[in-house]
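Q: predicted model and sequence below, questions to follow.
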Amino acid sequence: MKQQTGRGEIWLQTLTAGASRMPGLCPSVQVADGEVHGEAARFIAVVADKNNHFPRAAGGEAGLLEGWTLAKVVSETVAEDVNKSEKRIIVAVIDVPSQAYGRREEAFGIHQALAAAAGAYASARLAGHVVIGLIVGKAMSGAFLAHGYQANRLIAFNDGGVMIHAMGKEAAARITLRSVEALEKLAETIPPMAYDIHHYQTLGLLESLLDISKPDEPDAGDVTQVRQALAAAVAAARRDPGLQCRLQAENRSSSKRVRELMRAAW
């Protein structure tokens, strides 16, 4: 049975014009070099691999191999550009359904693997690389934290296939002692509990939300729109390279106030 191509792989292939993939990596992490508005860029995606050595990561989840490989790729990119005046843009193409849950993953330190990936992305941003997260599908749990959340700017598709949250609905329902239906009703009034991209946008974490006509089979118009959004996000990140932009939304007023009080106390 042929494995279905996920959105992460589709958009990495599309945005790099079919460039060859970086060799020597695990099959579930694909890397290709391309450009954003004429500037050199490295595109990175976590994809499904039905033959993954760790079955819990076969569906595109971020597990041990994925975490360490992401850390390796991003860290090596930073090291290669350390003496360059123009550092490559890094684009994380995001469609990750979850971190990989399993006894082996826990025993072998998945927390360290995913932390290494998150740390590498953060180090790249602090070293002067513009990091953009392009959310084309799911951005769930520790997988999103490891692959993309540390970006200077986040872009997402305005599409029903896009979902962002700390955990799946069934798991969130169990841990909050609610039914899935009750959880969905609660999410209507508490944006951080919601899964859809519209509620997520109110939290101020997105640079832009794109209406893509064919997210699974992009046409020329879709590709042009994404390329323009990437270029705009890069420009915005250079004007304001920090992450304070994430606190400007109305729904983040309490977060902003807490930080102000902590700074005053310290």
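A: Great, that's in hand.
Q: alpha carbons only for contacts and neighbour counts from here, please
A: Will do.
Q: residues of the helix or strand hosting residue 69 that come out buried?
A: Taking DSSP states H and E as the criterion, residue 69 maps to helix 64-80. Neighbour counts over helix 64-80 (16 or more other C-alpha atoms under 10 Å) mark 64-71, 73-75, 77-78 as buried.
Q: any low-confidence regions in the chain?
A: 1-4 (pLDDT under 70).
Q: strands of the stretch 1-150 of the chain, residue ranges please.
A: With DSSP state E, counting those that start in this stretch applied, the stretch 1-150 of the chain shows strands at 29-36, 39-46, 89-96, 131-140, listed in chain order.
Q: and residue 230, what does it touch?
A: 36, 132, 155 (C-alpha atoms under 8 Å, 6 or more residues apart in numbering).
Q: correction: the previous question concerned residue 122.
A: Taking C-alpha under 8 Å, 6+ apart as the test, what residue 122 contacts is 150-151.
Q: from residue 158, how far off is it?
A: According to C-alpha to C-alpha, to the nearest Å, residue 122 and residue 158 sit 26 Å apart.
Q: cool, residue 171 as well?
A: Residue 171 sits 25 Å away from residue 158, going by C-alpha to C-alpha.
Q: looking at the two, which is more packed in?
A: Per other C-alpha atoms under 10 Å, whichever of residue 171 and residue 158 has more neighbours is residue 158, with 22 against 12.
Q: residue 208 is in contact with the more buried one, correct?
A: No - Residue 158 is beyond contact range of residue 208, at 9.5 Å (criterion: C-alpha atoms under 8 Å).
Q: list the contacts for residue 40?
A: With contacts defined as C-alpha under 8 Å, 6+ apart, residue 40 is in contact with 33-34, 88-89.
Q: ok, those vs residue 249, which is closest?
A: Taking C-alpha to C-alpha as the measure, residue 249 lies nearest residue 89 of the contacts of residue 40, at 26.1 Å.
Q: for that closest one, what are its contacts?
A: 36, 39-42, 129-132.
Q: how close does the nearest residue to it once chain neighbours are set aside get to residue 227?
A: Distances taken as C-alpha to C-alpha, 6 or more residues apart in numbering place residue 41 nearest to residue 89, at 4.4 Å, with adjacent residues excluded. Counting by C-alpha to C-alpha, the gap from residue 41 to residue 227 is 12 Å.
Q: check residue 186 too.
A: Going from residue 186 to residue 227 by C-alpha to C-alpha gives 36 Å.
Q: and if you look at residue 261?
A: Distance of residue 261 to residue 227, given as C-alpha to C-alpha: 40 Å.
Q: who has more neighbours, those two?
A: Neighbour comparison, residue 261 and residue 227: the larger count goes to residue 227, with 16 against 10 (by other C-alpha under 10 Å).
Q: how about the nearest residue to the more buried one, chain neighbours excluded?
A: Here the residue nearest residue 227, using C-alpha to C-alpha, 6+ apart, is residue 36, at 6.8 Å.
Q: just give the number of residues close to that neighbour.
A: So residue 36, with other C-alpha under 10 Å, has 21 neighbours.
Q: then the one 5 residues further on?
A: A total of 21 residues lie near residue 41 under the criterion other C-alpha under 10 Å.
Q: tell me what it is bridged to.
A: Note on residue 41: beta-bridge partners by DSSP bridges are residue 34, residue 89.
Q: which residues are in contact with it?
A: By C-alpha under 8 Å, 6+ apart, the contact set of residue 41 is 33-35, 88-91.
Q: drop anything exposed from those.
A: 33-35, 88-91.
Q: which of those residues sits closest to residue 234?
A: residue 89 (8.0 Å).
Q: ok, the one residue sitting closest to the centre of the chain to residue 122 distance?
A: Against the mean C-alpha coordinate of the chain, by C-alpha atoms, centre = their mean, the closest residue is residue 148 at 3.0 Å. Remark: distance between residue 148 and residue 122 (C-alpha to C-alpha) = 10 Å.
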